[in-house]
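> Here's my sequence, what's the structure:
(one chain, ligands or ions: 1)
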Amino acid sequence: MSFVKLQTPIPGPQSQALMQRRQAAVPRGPYNSTPVFVEKAEGALLMDVDGNTFIDFAGGIGTMNLGHCNARVAAAIAEQAHKFTHTCYHVTAYEPYIALAEKLNALTPGNFAKKTMLANSGVEAVENAIKIARYATGRSGVIAFEHAFHGRTLMGMSLTSKVKPYKYGFGPMASDIYRLPYPYEYRWRHDHRPIDWAAEYESLFAEFFASHVAADKIAALIIEPVLGEGGFVPAPAAALEKMAEICKRHGIVFIADEVQTGFCRTGKFFAIAWTSVAPDIVVMAKSIASGLPLSAITGRAELMDAPHEGGLGGTYGGNPIACQAALATLAEMERLNLNQFALEIGEYTRDYFHRLAVESPFIGEVRGIGAMNALELVQDKGSKVPYQDAAKRIQQHACQLGLISLTAGTYSNILRTLMPLSIPREQLAEGLAIMEKAILSLAP
Ligand SMILES: Cc1ncc(COP(=O)(O)O)c(C=O)c1O
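I've put the predicted structure just below:
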């Protein structure tokens, strides 16, 4: 039995008509990676306005880890919508905000007193984390990494690495941001194995503090424990642990950006939990509330309390419906043991990819952790030259065949998987078979 059901060529006539209206009414900046307009979604399936059913390997860019339209989350949203939808937390507060803060204080790694504030989007969480770190330390410098993605506001794009499309033409960038190489094993400049990550970063930081900026001018280091938009590269635990140690040595706030890695994607609630690092601040968004706009900043209580009263906040941050969606989402993740799902579908996917890598001359590396997996496409396996735009061609071909998928990478040569973790095995297998077909039909 096939889950994909295509009644029309893709895009169908209704999607095409909507795309024409979209082109007339909406600027091109907010892009669309598929030509499809959605009517309905359930679990890991998307139904479009032409009656076509797709398997979803994008999950709203990692936002639907629990799956589309979970019944308990939908009920929690509806119940709160009938009570009150907004009062502004800063004017008249409400219990769901506090309950969610308590939950995240308990869930994030680190055996110390924590506090949480809520915002609307991933980048807003990043912005607030930097503001808090700067205020608490009285310093302004921020260390970010090559291939990083932290969002699209002024601070977000300044911390982001990839130039096009994120930064190009939007300057000047925010100041006092410094960039170090990400521990990207496949593309690490020394081609020897094994790499001593602790030694590499000890010397990189020593050189950096001597030749770029003094350690006591750095407020924060922000890092994705697994690169998201940068290509699903897991940072080795030894590298993250060394960075955390250096931060501690110099009073630098260690910020883990768990916006894409969070909430069971890697088989733990947070990817940093695969290491011994307890970040000073964790930023979260995406799957926290099954698609409702919500983000969170959780950190050491003394850091979070540093900025003065009224220094942080916003009209919508911690909206009550979004808080209830988050509480229901987290309860479902725990009830279902979604981490176990992630480990199982992740292993299945990686095994599939490894078999595929033997057949395809273009798959340079298969990598991932839990259900955060990727294929890096290269022109040939020896030179490792990125096969630019191959991922996009595969993604578009897969869409014609009924699979919604996503690309990634500074050179746009990576295919990544962000399917809902609750995806049934038969749907996963069918989606992977479509991906295989699209990859194997790729010409040089
Ligand atoms: C690691 C990371 N940080 C921050 C962001 C920005 O989140 P948002 O798009 O909700 O602002 C993203 C979005 O993809 C992300 O992957």
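> Backbone dihedrals for the closest residue to the ligand within the chain, please?
Closest approach between the chain and the ligand, counting by C-beta to the nearest ligand atom: Gly122, at 2.2 Å. Glycine gets a C-beta too; all of them are placed from N, C-alpha and C. Dihedral angles of Gly122 (phi, psi; degrees, to the nearest 10) stand at phi -60, psi -50.
> Surely it and Ile288 touch.
No. If you go by C-beta atoms under 8 Å, Gly122 and Ile288 don't touch, sitting 9.6 Å apart.
> Tell me, how many residues neighbour the residue of the chain closest to the ligand?
Neighbourhood size, Gly122 [other C-beta atoms under 10 Å]: 31.
> which residues touch it?
Residues near Gly122 by C-beta atoms under 8 Å, 6 or more residues apart in numbering: His150, Gly151, Asp257, Val259, Gln260, Val283, Ala285, Lys286, Ser295.
> Please narrow those residues to those residing in helices.
Counting by DSSP state H, no part of those is found in helices.
> among those, which ones are buried?
Among the contacts of Gly122, those scoring as buried are His150, Gly151, Asp257, Val259, Gln260, Val283, Ala285, Lys286, Ser295 (criterion: 16 or more other C-beta atoms under 10 Å).
> which one is the most centrally placed residue in the chain nearest to, not counting chain neighbours?
Geometric centre of the chain, nearest residue: Gln260, 1.7 Å, by C-alpha atoms, centre = their mean. Leaving aside its chain neighbours, Gln260 sits nearest to Gly228 (3.4 Å; criterion: C-beta to C-beta, 6 or more residues apart in numbering).
> same thing with Ala328?
Ala76 (3.7 Å).
> for the one you found, what are its contacts?
Gln324, Ala325, Leu327, Ala328.
> how many neighbours does the closest residue to Met64 other than its chain neighbours have?
Distances taken as C-beta to C-beta, 6+ apart place Pro420 nearest to Met64, at 5.0 Å, with adjacent residues excluded. Neighbour count of Pro420, defined by other C-beta under 10 Å: 32.
> sec struct for Pro420, please.
Local secondary structure at Pro420 is given as coil here, using DSSP: H, G, I helix; E, B strand; the rest coil.
> what do you get for Asp351?
Following three-state DSSP, Asp351 is assigned to helix.
> Just the pLDDT for it.
We have a pLDDT of 98 for Asp351.
> do Pro444 as well
pLDDT for Pro444: 70.
> from what I can see it touches Leu377, true?
No. Using C-beta under 8 Å, Pro444 makes no contact with Leu377, being 11.1 Å away.
> Of these two, which one has the most company?
Using other C-beta under 10 Å, the more surrounded residue of Pro444 and Leu377 is Leu377, with 27 against 8.
> Which strand or helix spans the more buried one?
Assessed by DSSP states H and E, Leu377 sits inside strand 372-377.
> pLDDT averaged over that strand - what is it?
According to the model, strand 372-377 has a mean pLDDT of 98.
> and what of stretch 79-96?
If you average the pLDDT values across stretch 79-96, you get 98.
> tell me which residues of that stretch are tucked away?
Gln80, Tyr89, Tyr94, Pro96.
> filter those by proximity to the ligand?
Checked against the ligand using C-beta under 6 Å from any ligand atom, the buried residues of stretch 79-96 yield no neighbours at all.
> Can you show me the helices along the chain?
13-25, 59-62, 71-83, 95-107, 122-137, 154-159, 197-211, 237-250, 301-304, 320-336, 338-359, 390-400, 425-440.
> Just the CA trace of the fifth one, in PDB.
In other words, helix 122-137. Extracted C-alpha coordinates of helix 122-137, given in PDB (Å, rounded to 0.1, in the frame of the first residue of the first chain):
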ATOM      1  CA  GLY A 122      14.100  31.100  17.500                       C
ATOM      2  CA  VAL A 123      16.000  34.200  16.500                       C
ATOM      3  CA  GLU A 124      14.300  36.200  19.300                       C
ATOM      4  CA  ALA A 125      15.500  33.600  21.800                       C
ATOM      5  CA  VAL A 126      19.000  34.000  20.300                       C
ATOM      6  CA  GLU A 127      18.800  37.800  20.600                       C
ATOM      7  CA  ASN A 128      17.700  37.700  24.200                       C
ATOM      8  CA  ALA A 129      20.400  35.200  25.100                       C
ATOM      9  CA  ILE A 130      23.000  37.600  23.800                       C
ATOM     10  CA  LYS A 131      21.500  40.500  25.500                       C
ATOM     11  CA  ILE A 132      21.400  38.700  28.800                       C
ATOM     12  CA  ALA A 133      25.000  37.500  28.400                       C
ATOM     13  CA  ARG A 134      26.200  41.000  27.500                       C
ATOM     14  CA  TYR A 135      24.400  42.500  30.500                       C
ATOM     15  CA  ALA A 136      25.500  39.900  33.000                       C
ATOM     16  CA  THR A 137      29.200  40.000  32.000                       C
END
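> Quick check: neighbours shared by Gly122 and Ile288?
In contact with both Gly122 and Ile288: Ser295, using C-beta under 8 Å, 6+ apart.
> In this structure, where is pLDDT below threshold?
For the chain, the stretches flagged by pLDDT under 70 are 190-192.
> Please repeat the previous calculation with a cut-off of 80.
189-193, 443-444 (pLDDT under 80).
> Can you list the buried residues in stretch 274-283?
So for stretch 274-283, counting by 16+ other C-beta under 10 Å, buried means Trp274, Thr275, Val277, Ala278, Pro279, Asp280, Ile281, Val282, Val283.
> Let me fix that, I meant to ask about stretch 320-335.
Within stretch 320-335, the residues that qualify as buried are 320-330, 332-333, counting by 16+ other C-beta under 10 Å.
> got it, and stretch 122-140?
Buried residues in stretch 122-140 (16+ other C-beta under 10 Å): 122-137, 139-140.
> ok, now stretch 247-264?
Going by 16+ other C-beta under 10 Å, stretch 247-264 has these buried residues: 247, 250, 252-264.
> got the end-to-end distance for that stretch?
Across stretch 247-264, the terminal residues are separated by 26 Å (C-alpha to C-alpha, to the nearest Å).
> Next: stretch 105-124.
Using C-alpha to C-alpha, the two ends of stretch 105-124 sit 19 Å apart.
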